[in-house]
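sequence first, predicted coordinates after that:
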Amino acid sequence: MDDENLVTIIRDMSVAWQNVIALYGGAMCSAQILEGELVQILYYLRIAEGELKTESDHSWAYTQMERLKPGELLEQIRKKGVKSDSI
C-alpha cells in the first residue's frame, strides 16, 4: 500500500466518522425532544385529572419515564384519555 492510498483511506475514515457523529448527535437531540414532549403529556394529563393543581414541578413525570418501559408509558397515556391509534 503506497502513501497515496493510505491518505485516501484515512480521509474516507475521517469523513465516515464525522457522519456517524452527526447522526448520533441528531438522534440524541430527537430523543431529548421526545422526552420533553412525553413529560409534558404525562404532566398535563395529571392536571386534567385533578391530581395536580399547579404547574410547578415536572419531577413526577421524569420519575415515571425512568421507571416505566416505553410500552408501559404509552399504555399509561392511553388509559388517561389519549385515544389516538398513532401512539
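Alright, I've got the coordinates. Here the structure is a predicted model, which is why all the values come from computation and not from measurement.

CA atoms for contacts and neighbours, from now on please.
Fine.

tell me which residues of the lowest-mean-pLDDT helix or strand in the chain come out buried.
Scoring the helices and strands of the chain by mean pLDDT, DSSP states H and E places helix 59-67 at the bottom, with a mean of 79. Judged by neighbour count using 16 or more other CA atoms under 10 Å, the buried positions of helix 59-67 are 61-62, 65.

got the CA positions of that helix in CSV?
Extracted in CSV, the C-alpha atoms of helix 59-67 (Å, rounded to 0.1, in the frame of the first residue of the first chain):
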residue,chain,number,x,y,z
SER,A,59,-40.3,15.6,38.6
TRP,A,60,-43.1,13.1,38.9
ALA,A,61,-43.3,12.8,35.1
TYR,A,62,-39.5,12.3,34.8
THR,A,63,-39.7,9.6,37.5
GLN,A,64,-42.4,7.8,35.5
MET,A,65,-40.2,7.9,32.4
GLU,A,66,-37.3,6.5,34.2
ARG,A,67,-39.3,3.8,36.0
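
got the contact list for residue 64?
residue 73 (CA atoms under 8 Å, 6 or more residues apart in numbering).

same thing with residue 30?
Contacts of residue 30 (CA under 8 Å, 6+ apart): none.

how would you label it: helix, strand or coil?
helix (DSSP: H, G, I helix; E, B strand; the rest coil).

next one: it, what pLDDT does it get?
Per-residue confidence (pLDDT) for residue 30: 95.

how about residue 1?
pLDDT, read off for residue 1, is 71.

cool, and the one 5 residues further on?
You'll see residue 6 listed with a pLDDT of 85.

now swap in the one 5 residues further on and tell me
Confidence per residue is given as pLDDT, and for residue 11 that number is 91.

how far away from the center of its chain is the least confident helix or strand of the chain?
Distance, stretch centre to chain centre, for helix 59-67: 13 Å (CA atoms, centre = their mean, to the nearest Å).

sweet, I'm off.
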